[in-house]
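> sequence and computational prediction follow.
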Amino acid sequence: MMSISRRDLLKGIAVTGAVAATPACSSLTGNQPVVTAKNESKKPNLLIIFPDEFRTQSLGFMNQDRSLTPYLDKFAKQSVVLDQAVSNFPLCTPFRGMLMTGQYPYRNGIQGNSHTAMPGNFGGKDFGIELKKNTLTWSDIMKKQGYSMGYIGKWHLDAPEAPFVPSYNNPMEGRYWNDWTAPDRRHGFDFWYSYGTYDLHMNPIYWTNDTPRDKPLQINQWSPEHEADIAIKYLRNENGKYRDSDKPFTLVVSMNPPHSPYDQVPQKYLDRFSGETSESLNTRPNVVWDKDYQDGYGPKYFKEYMAMINGVDEQFGRIINELDRLNLAEDTLVIFFSDHGCCLGANGNPTKNVHYEESMRIPMMFRWPGKLSPRQDNLLFSAPDIFPTMFGLMGMDQQIPDSVEGTNFAKTVRGENGDTRPTSQLYTFVPYGAQSYGRRGIRTDHYTLMVDRKIGKPLTYVLHDNVNDPYQMANIAEGNDALINQLIEEELLPWLEHTGDPWRPAEVPASVLKAFT
């Protein structure tokens, strides 16, 4: 896994007032006061922007998808880009749990999506899958450190409670998905403009600090555009309406697109791909077109996905341009990432929650002018590393709890020596209520290994050579017992020990069994 001691491996054991619906973007382009004061001793601000389901291959500068991301491409040239970052459990709620706690899913208990089942079904709530009120998160710590804390957009860390809020997705697929987050479950965020999970991107709903649970705001505007409007208002903070001007701020903007449904996108972004089709745009050789995908999913929506990517890029650019215009750039660490990627037909998969590159790999960029020198690094960075790394960069190393299982890679991000670079990243999928089963694996700089354990069935192995087969079209597990043995013994088992995961390969190739005995 990484060259660290057993002791290190086991360390992880141990603004008020309702915000009204804002007008269209054009109303926010007027001249506003610019912040000019700078204080070297002042705590830095933190701005996190993370869309949902934005795969790293869709960053234009990666030269893979035929995407249009001029603002992110410009941002990358100003940032430290970790181009091999992954979502270790590439699904919405598990990633958000790793982000907030710095722990892997087995430890923090967030091992699936947060939802509540209708009678006769089951949901995440049945297994305690939500962010608990007493869980210590990085936002709790920053609040205690004197920060004004803002959260805008998708939360998806609470299981809905009865009586359920009327919502298009309550119920959907036998489960209730959307709810507000009660004030005592907001983990330090004092400016709240959010919802649970709600995918009508053209007509989103939000709860603010003072919005009653049964009367969310109904917005007639594309959600990333609306959230950029609110973020810009938060940054400008006219008359101190949004935050305490005397305190440093943290703002999280959690956009839902490019998450499905992919056709929930303004026409202007589709028009930028005029003359193209999903087939002409999506030329990855591993895409399976002739498969019966669930309605609304699969590769035929790639053009719409590209349109949403372009729209998210534009709204991201609006927020960053305003931060820079307000002369806040040098005082603010900005981090851009996503919770997971999206396969869109790659290797026959519609979306995420699989070990393939299109699902696991995510953007990861850190910008802080004057503090971080722009460059790219192939560090094998994982989702739980975000919490400790951003604390390390902000001089809050001593505030990182011992319960955090991620690694503080601040030295590496700063271009310094001293961090032990990991040799792999963990992949995990846990079936609801079956923690000793499911899929576990690792991703190295050369291979991806996935082992699937199902009740009453023999283990199955998938091994990809990502160097010689970057689209992971061939499973080379058969005949590679020695390599599988090595990857399990040197990489996977240490990860399972580090994260407290009881999953173990009960049936392994003969060479592995020999090594264990």
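That came in fine, so what should we check first? The structure displayed is predicted, hence computed values, not measured ones.
> who touches the residue nearest to residue 467 when sequence neighbours are not counted in this structure?
Ranked by Cβ to Cβ, 6 or more residues apart in numbering and with sequence neighbours excluded, the top spatial neighbour of residue 467 is residue 446, at 5.4 Å. Every residue, glycine included, has its C-beta placed from N, CA and C. By Cβ atoms under 8 Å, 6 or more residues apart in numbering, the contact list for residue 446 reads 465-467.
> can you list the domains in the protein?
The chain resolves into domains spanning 48-422, 426-516 when parsed by automatic domain parsing.
> which of those has the lowest average pLDDT?
Mean pLDDT is lowest for domain 426-516 among the domains of the chain, at a mean of 90.
> and that domain, how far out from the chain middle?
Per Cα atoms, centre = their mean, to the nearest Å, the displacement of domain 426-516 from the mean C-alpha position of its chain is 23 Å.
> and what of stretch 342-362?
A distance of 14 Å separates the centroid of the chain from that of stretch 342-362, by Cα atoms, centre = their mean.
> please apply the same query to stretch 399-418.
19 Å.
> next up, the contacts around the nearest residue to residue 180 once chain neighbours are set aside.
Of all residues not flanking residue 180 in the chain, residue 207 sits nearest, at 4.3 Å (Cβ to Cβ, 6+ apart). Contacts were defined as Cβ under 8 Å, 6+ apart; by that measure residue 207 touches 180-181, 192-195, 213, 216-217.
> equivalent analysis for residue 279, please.
By Cβ under 8 Å, 6+ apart, the residues touching residue 279 are residue 289.
> so it sits in a strand?
No. Assigned with DSSP: H, G, I helix; E, B strand; the rest coil, residue 279 falls outside any strand and is helix.
> quick one: buried residues of stretch 113-133?
By neighbour count on 16 or more other Cβ atoms under 10 Å, the buried set for stretch 113-133 is 113-117, 123-125, 127, 129-131.
> narrow the contacts of residue 207 to those that are buried.
180-181, 192-195, 216-217.
> can you put the residues you listed in CSV and add secondary structure and distance to residue 262?
Output for the buried ones among the contacts of residue 207, formatted as CSV (DSSP: H, G, I helix; E, B strand; the rest coil; distance: Cβ to Cβ, whole Å):
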residue, secondary structure, distance to residue 262
180, coil, 26
181, coil, 26
192, strand, 28
193, strand, 24
194, strand, 23
195, strand, 19
216, coil, 24
217, strand, 24
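> tell me the one of these nearest residue 379?
residue 194 (30.9 Å; Cβ to Cβ).
> can you map out the strands along the stretch 101-250 of the chain?
All strands of the stretch 101-250 of the chain, identified by DSSP state E, counting those that start in this stretch, fall at 116-117, 148-154, 175-176, 191-195, 205-208, 217-218, 249-254.
> could you dump those strands to CSV with distance to residue 378?
Listed next are these as CSV, based on distance: least, Cβ to Cβ, whole Å:
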stretch, distance to residue 378
strand 116-117, 41
strand 148-154, 29
strand 175-176, 39
strand 191-195, 34
strand 205-208, 38
strand 217-218, 43
strand 249-254, 27
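> residue 104: which of those strands is closest?
In terms of Cβ to Cβ, the element of these nearest to residue 104 is strand 249-254, at 20.8 Å.
> partners of the closest one in the sheet?
Taking DSSP bridges as the criterion, strand 249-254 forms sheet pairs with strand 45-49 (parallel), strand 148-154 (parallel).
> nearest to residue 86 among the buried ones among the contacts of residue 207?
Distance to residue 86, by Cβ to Cβ, is smallest for residue 194 among the buried ones among the contacts of residue 207, at 25.8 Å.
> please name the bridge partners of that closest one.
Going by DSSP bridges, residue 194 forms beta bridges with residue 153, residue 207.
> distance of it from residue 457?
Computed as Cβ to Cβ, to the nearest Å, the residue 194 to residue 457 distance reads 41 Å.
> my guess is residue 444 meets residue 490, correct?
No. Checked against Cβ atoms under 8 Å, the pair residue 444 and residue 490 is beyond contact range at 9.6 Å.
> the two: who's more crowded?
Higher neighbour count among residue 444 and residue 490: residue 444, with 17 against 14, using other Cβ atoms under 10 Å.
> quick one: the residue nearest to the more buried one when sequence neighbours are not counted from residue 359, how far?
Of all residues not flanking residue 444 in the chain, residue 424 sits nearest, at 4.7 Å (Cβ to Cβ, 6+ apart). Going from residue 424 to residue 359 by Cβ to Cβ gives 17 Å.
> residue contacts, residue 329?
Residues counted as contacts of residue 329 (Cβ under 8 Å, 6+ apart) are 323, 369.
> please read the previous query as pertaining to residue 499.
So residue 499 contacts 12, 103-107, 405, 426 (Cβ under 8 Å, 6+ apart).
> kindly recompute the last result at 6 Å.
Contact analysis of residue 499 by Cβ atoms under 6 Å, 6 or more residues apart in numbering lists 104, 106-107.
> so the nearest residue in space to it that is not next to it in sequence versus residue 373, what's the distance?
Of all residues not flanking residue 499 in the chain, residue 104 sits nearest, at 4.0 Å (Cβ to Cβ, 6+ apart). Remark: distance between residue 104 and residue 373 (Cβ to Cβ) = 30 Å.
> looking at those two, which one has more neighbours?
More crowded of residue 104 and residue 373, by other Cβ under 10 Å: residue 104, with 28 against 12.
> quick check, the more buried one in contact with residue 406.
No. The criterion here is Cβ atoms under 6 Å, and residue 104 misses it with residue 406 at 8.2 Å.
> quick check: neighbours shared by the two?
By Cβ under 6 Å, 6+ apart, the residues touching both residue 104 and residue 406 are residue 384.
> quick check: the gap between residue 192 and residue 216.
As judged by Cβ to Cβ, residue 192 and residue 216 stand 12 Å apart.
> for residue 376, same thing?
Distance, residue 376 to residue 216, using Cβ to Cβ: 41 Å.
> swap in residue 329?
In this view, residue 329 and residue 216 are 34 Å apart by Cβ to Cβ.
> who touches stretch 300-315?
Outside stretch 300-315, the residues that touch it by Cβ under 6 Å, 6+ apart are 51, 58, 67-69, 71-72, 224-225, 228, 255, 257-258, 262-263, 265, 269-270, 272-273, 278, 281-282, 344.
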